[in-house]
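Student: model this:
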Amino acid sequence: KRGTAQALFWTPGQGLLSRNSFNRSVWKPTLRNLDIKDEEGNLPTFHDLRHTFISTCLQNGIPEHTVAAWVGDSVEQLRRTYSHLLRDHADTHGATAARLTARPTPPVRDAA
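Tutor: The predicted structure follows:
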């Protein structure tokens, strides 16, 4: 049985912020302003952010059941999708994953 819940996000007109409204008004304009694109030159989707969040959590040792609860998945769903990041696979691929999620190092400039 579901109870009442208080909304976390509201539009400027005091309506609930929907996924479409968020994508159109917040997510995509922010990506454009920051010039963030994927390998093909497209704007990343909100699902890409979700995948990155889950992967980063699992790679950094946050328990599967905790991550599953945070993102609204069952542990079984999480394991099916992210099994390559769990347990022994994390040790094998951890260095690669760390490079993929690391912030780029700014270039060193000569003091001329």
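
Student: May I have the secondary structure class of residue 23?
Tutor: helix (DSSP: H, G, I helix; E, B strand; the rest coil).

Student: so it makes contact with residue 46?
Tutor: Yes. Contact criterion Cβ atoms under 8 Å: residue 23 and residue 46 qualify, at 6.3 Å. (Each C-beta comes from the backbone N, C-alpha and C, glycine too.)

Student: Now residue 16. Its backbone dihedrals?
Tutor: For residue 16, the backbone dihedrals (degrees, to the nearest 10) come out as phi -70, psi 140.

Student: swap in residue 61?
Tutor: phi 80, psi 10.

Student: burial count for it?
Tutor: 7 (other Cβ atoms under 10 Å).

Student: The one 4 residues further on now?
Tutor: Residue crowding around residue 65 was assessed by other Cβ under 10 Å; the count is 11.

Student: again with residue 82
Tutor: Using other Cβ under 10 Å: residue 82 sits among 20 other residues.

Student: nearest residue to it other than its sequence neighbours?
Tutor: residue 58 (5.7 Å; Cβ to Cβ, 6 or more residues apart in numbering).

Student: tell me the secondary structure for that neighbour?
Tutor: helix.
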